[in-house]
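> Pasting the sequence and the predicted model now:
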Amino acid sequence: MTGRSLRHLAWLLAAPFSALGLGLGLGLLSLACEGCRRTGPSNAPTGSVTTTTAPGDASPPTVRLYLLTDVAGALEPCGCTKDQLGGLDHFGAWVKHEQARVPAYLVASAGPLFFMDDKLEGDRADQDRIKAQTMAHVLRGLDFAAFAPGANDLDDGADGLAKLAQASGAAVVKGDGGAFVREVGGVKVGFVGYGQSGPMGQAGQPEHAQADVEGTIKRGVDEAKKQGAEVLIALAAVGRGEAKRIADAVPELTAVVAGSARSAGDTNTTAPQGERIGDVLVVQAANHLQAVAVLDLYVREALSPGHVVRFADGTGLELAQKREELARRIDDLHVHISAWERDPHVAPADVDARRKELRGLEAQRDALDAKPAPAKGSFFRYRLEEIRDSLGKDPAVESDLSAYYRAVDDHNRVAFADRLPPPAGPDQASYVGLEACTTCHPGPRQVWNGTAHAHAYATLSTQFKEFNLECVSCHVTGYEQPGGSSVTHVDKLKDVQCEVCHGPGSKHAKNPTDKAAIVASPGGSVCLSCHHPPHVEGFDPTAKMKEILGPGHGMK
């Protein structure tokens, strides 16, 4: 084991896990666009880093701000399709690659950050705590400066949030009129804002519904100016409508980062267009780290204590509607190219034609962004960077994520060792497994052998994810169903077998002539229980069905 591995193991076995009482011990040794949108090319080689610089500017910005909203505990997307949006390892790779050109930067966040759901309970509570600590540790290595928490971040109580903040190294903007000032690139950046500081109020309304949000922000701005802030950024976990009211009420701000008060579930969102309210920029990225808002600040004036810099628009936000149209078409092509590359029925020449079309659309978008900088005065450039595979992977972050999966696997293997699936009732069918089906249906078995479904469980076990509660249900058969499987008891039900689509087969095996005992011709809708966002974007079950059919299995 290398020195770095031992240091990493020491982190994993430190306070976060001992505080949870997980007892892991030495066993571990075994979105729509605003200013503009940036994506790497769809055919970039694995591990490469592709990025772009602000158009028209040869010199780096004075300060860059990477602004996240509603990350909500999303470490990385499901890997069942290529070129999915998201991933802390891709974000880390991009930030560190850009550091050579843009050394003066900070990362900040608004809205739910550490937890996906607004309650920490049930089987996944310990796993979600480990994941939150992993995210905090990763962000600390990326110059994480400040965040405004959403209600989700209070899932583990005020003490739990304090521990996560300490682990991340970032200041918490709670909405008490305080401010945090950080000097970077010779510029003092003041973070103020409003974060949720307790559970949701009556009828599910966030606390800020009755609060003086604008007054709180104004007090924070006054405090930041006392500390010498020259740039003022409001981090607001209050929703976009309230964020726009903040921009209107506090014109001294450079930007308001609009996060949600809370989130629930794994549905992906896209980012709305960036806009200016007076001179204040309102920004919002897509959730789950699918995209990051990038604000480049070019300071062209002498700085003095108490002087807040005003920035002209160097992006051309008035062209946002045209950019939005191009962004939608670019996103659509990314989804289709990813699917076509895996489809043997699509000719390579057709895929190449679509890649050429994609490059053309990206060139049109880039032409819109080639607005020259203002002749004088300070200005900003704003864009949204999509976090894709083509940005590469940062080895340090990848190591942290791998350690997370190992830790969760070790914990869940013990915690759920006695968890059995519910028994089938007297009149219910139960699951019999692939081998029982093969006895009478050898042809379909041969077709199945050639599908990705036949290796679904191995894709987990080779990555230490087979006991991960976010993953296992879609990689086994009959998960948590009567007479089926559980997280640790998969036995003969590993992989996506016949009974996932055709239903439990015990009654059919007992009486093959009973047509009501099995689903003979399942429709494509059965695929959507697993193949849905955020696991898969743009999934077409009708088109995909042909990948699991063959002679003797749905085809003559």
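Alright, I've got the coordinates. Residues are numbered from 1 along each chain as shown.
> Which stretches in the stretch 51-200 of the chain count as strands?
According to DSSP state E, counting those that start in this stretch, the stretch 51-200 of the chain carries its strands in the segments 63-69, 105-110, 144-148, 171-172, 180-184, 187-194.
> what bits of the stretch 301-450 of the chain have low per-residue confidence?
Along the stretch 301-450 of the chain, segments meeting pLDDT under 70 span 318-321, 369-371.
> how does it look with 90?
Filtered on pLDDT under 90, the stretch 301-450 of the chain yields the residue ranges 304-306, 313-376, 383, 388-390.
> where do the strands sit along it?
Applying DSSP E, counting those that start in this stretch to the stretch 301-450 of the chain gives strands spanning 312-313, 379-386.
> quick revisit: looking at the strands of the stretch 51-200 of the chain, spot the one closest to A93.
Nearest to A93 among the strands of the stretch 51-200 of the chain is strand 63-69 (13.0 Å), distances taken as Cβ to Cβ. All C-beta spots, glycine's among them, are computed from the backbone N, C-alpha and C.
> Spatially central residue in the protein, please.
H288 (2.8 Å; Cα atoms, centre = their mean).
> does it count as helix, strand or coil?
Judged by DSSP: H, G, I helix; E, B strand; the rest coil, the three-state class of H288 is coil.
> and the closest residue to it other than its chain neighbours, what does it touch?
With Cβ to Cβ, 6 or more residues apart in numbering as the criterion, H288 has its nearest non-adjacent residue at 3.7 Å, and that residue is A74. Contacts for A74 (Cβ atoms under 8 Å, 6 or more residues apart in numbering) come out as 86, 116, 266, 287-289, 534.
> Now L235. Its backbone dihedrals?
Main-chain torsions, L235, degrees, to the nearest 10: phi -100, psi 120.
> How many residues are close by the residue lying closest to E362 once chain neighbours are set aside?
In this structure, E362 finds its nearest non-sequential neighbour in I330, 6.3 Å apart by Cβ to Cβ, 6+ apart. Here the number of neighbours of I330 (other Cβ atoms under 10 Å) works out to 21.
> Now that I330 has come up, it's in contact with G360, right?
No - if you go by Cβ atoms under 8 Å, I330 and G360 don't touch, sitting 10.1 Å apart.
> And the helices in the stretch 301-450 of the chain, which stretches?
Using DSSP state H, counting those that start in this stretch, the helices of the stretch 301-450 of the chain run over residues 320-342, 348-368, 395-415, 434-438, 442-449.
> what about the ones you listed, which gets the closest to P504?
helix 434-438 (11.1 Å).
> Can I get that closest one in PDB? Just the C-alpha atoms.
The C-alpha trace of helix 434-438 is given here as PDB (Å, rounded to 0.1, in the frame of the first residue of the first chain):
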ATOM      1  CA  LEU A 434     -32.100 -17.800 -14.800                       C
ATOM      2  CA  GLU A 435     -31.100 -21.400 -14.700                       C
ATOM      3  CA  ALA A 436     -34.600 -22.600 -14.100                       C
ATOM      4  CA  CYS A 437     -35.800 -20.600 -17.100                       C
ATOM      5  CA  THR A 438     -33.000 -21.900 -19.300                       C
END
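> Residues contacting that helix, please?
For helix 434-438, contacts defined as Cβ under 8 Å, 6+ apart pick out 444-445, 448, 477, 492, 495, 497-499, 505, 509.
> What of stretch 413-425?
23, 123, 126, 430, 467, 478-489, 504, 506.
> re the thing from before, which of the strands of the stretch 301-450 of the chain is buried the deepest?
Most buried of the strands of the stretch 301-450 of the chain, by mean neighbour count (mean count of other Cβ atoms under 10 Å): strand 379-386, with a mean of 25.
> pretty sure Q481 is touching S473, no?
No - when contacts are counted by Cβ under 8 Å, Q481 is not listed as touching S473 (10.0 Å).
> Can you pick out the residue with more neighbours from the two?
A count of neighbours by other Cβ under 10 Å puts Q481 above the other of Q481 and S473, at 21 against 16.
> Contact partners for that one?
Applying Cβ under 8 Å, 6+ apart, the residues near Q481 are 421-422, 431, 504.
> Which of those residues has the largest number of neighbours?
Counting by other Cβ under 10 Å, top hit in the contacts of Q481: Y431 with 28 neighbours.
> which one is that residue nearest to, not counting chain neighbours?
Nearest residue to Y431 in three dimensions, chain neighbours excluded: G478, at 4.0 Å (Cβ to Cβ, 6+ apart).
> Quick check: that neighbour touching C498?
No - using Cβ under 8 Å, G478 is not in contact with C498; the gap is 10.9 Å.
> ok, back up a step: now the helices of the stretch 301-450 of the chain in JSON lines, please, with extra columns for distance to V294.
Shown next, in JSON lines, are those (distance: least, Cβ to Cβ, whole Å):
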{"stretch": "helix 320-342", "distance to V294": "14"}
{"stretch": "helix 348-368", "distance to V294": "15"}
{"stretch": "helix 395-415", "distance to V294": "19"}
{"stretch": "helix 434-438", "distance to V294": "48"}
{"stretch": "helix 442-449", "distance to V294": "45"}
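> returning to what we had before: ok, which of the strands of the stretch 51-200 of the chain comes nearest A403?
strand 144-148 (18.9 Å).
> Number of residues surrounding A373?
A373 has 17 nearby residues by other Cβ under 10 Å.
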